[in-house]
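1. whatever this is, show me its structure:
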Amino acid sequence: MRATPSVVLARALAALALLVVVGCAPEAGPTFGPASPGPTIAPTPTLAPAPSPSFAPTGSAAVLEGVFAFDAESILGYYETLGYSCGPAQPSTQAVGHMVRACTLIDADGRQRLVSIVTDPAGDVADALTSIEGTAAEPILDPVVALEPFAAFLGAALGESQGESLLPWLASHLGDEFATTTLGDLTIATYTQSPQDHSTLYLEIANRAFLESPTPSGP
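-> Coordinates of the predicted model:
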């Protein structure tokens, strides 16, 4: 039987703790990589904020490598159990025929967290985004703040095995202006709000079809 997102989260956090102990976590303070893009794997976030998760994964027991492990409702439903407030589905501004739902939460430290899931015309997850925005006193958000929730997001979207396989990459690049890696059909990116603005950190996972989809034309 396939693990639910909550079980995957617990395992991912355990793996993350081990990763930090062996010294793979990034240093405090962002490191700056190549010139950046943003959401949709390109800079200024393009996904609308909103909803959260509940967990009842669907699909086959075996998770194929390089694909999303859970359906949109399972991912968002899980985040709702963590206190996120989710909005209704809206047409994506990035890909024709796609819909986006976003969930937000103000955490105990006053930072705004976002989880956004885009589904394709068939209702399958095509893009998953999470971000953390620092408080007014944090013009540069320490990557260490985002490491644990971002690691958990990898597990919630990709499942235990795939999520854990990306932890070393995440720990090495979180805080970069823009960095990407690939896993099968998926592109994973972490980036800042802009090259000049490091108050918000992002992690995004998108499949090839989403990235190649045409952008909706204006009215």
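2. can you tell me the helix or strand for residue 128?
-> With elements delineated by DSSP states H and E, residue 128 resides in strand 125-133, which encompasses its position.
3. what is that strand packed up against?
-> Based on contacts counted as 3 or more CB pairs under 8 Å, 6 or more residues apart in numbering; DSSP states H and E, the elements that strand 125-133 packs against are helix 72-81, strand 112-119, helix 143-158, strand 200-207, helix 208-212. To be clear about C-beta, it is placed using only N, CA and C from the backbone, and glycine gets the same treatment.
4. for the helix or strand following the first one, what is the average pLDDT?
-> By that I understand helix 72-81. Using DSSP H and E, the helix or strand that directly follows helix 72-81 along the chain is strand 85-86. For strand 85-86, mean pLDDT rounds to 97.
5. helix or strand right after strand 85-86?
-> Per DSSP H and E, the first helix or strand lying C-terminal to strand 85-86 is strand 90-91.
6. tell me which strands the following helix or strand past that next one pairs with, and in which orientation.
-> Tracing the chain C-terminally past strand 90-91 and defining elements by DSSP H and E, one meets strand 99-106 next. Applying DSSP bridges, strand 99-106 is found paired with strand 85-86 (antiparallel), strand 90-91 (antiparallel), strand 112-119 (antiparallel).
7. among these, which is nearest residue 149?
-> Ranking the strands paired with strand 99-106 by distance to residue 149, with CB to CB as the measure, places strand 112-119 first at 6.8 Å.
8. flag every buried residue along that closest one.
-> Across strand 112-119, burial judged by 16 or more other CB atoms under 10 Å covers 113, 114, 115, 116, 117, 118, 119.
9. what of stretch 194-212?
-> Of the residues in stretch 194-212, those scored as buried under the neighbour-count criterion (16+ other CB under 10 Å) are 194, 198-207, 210-211.
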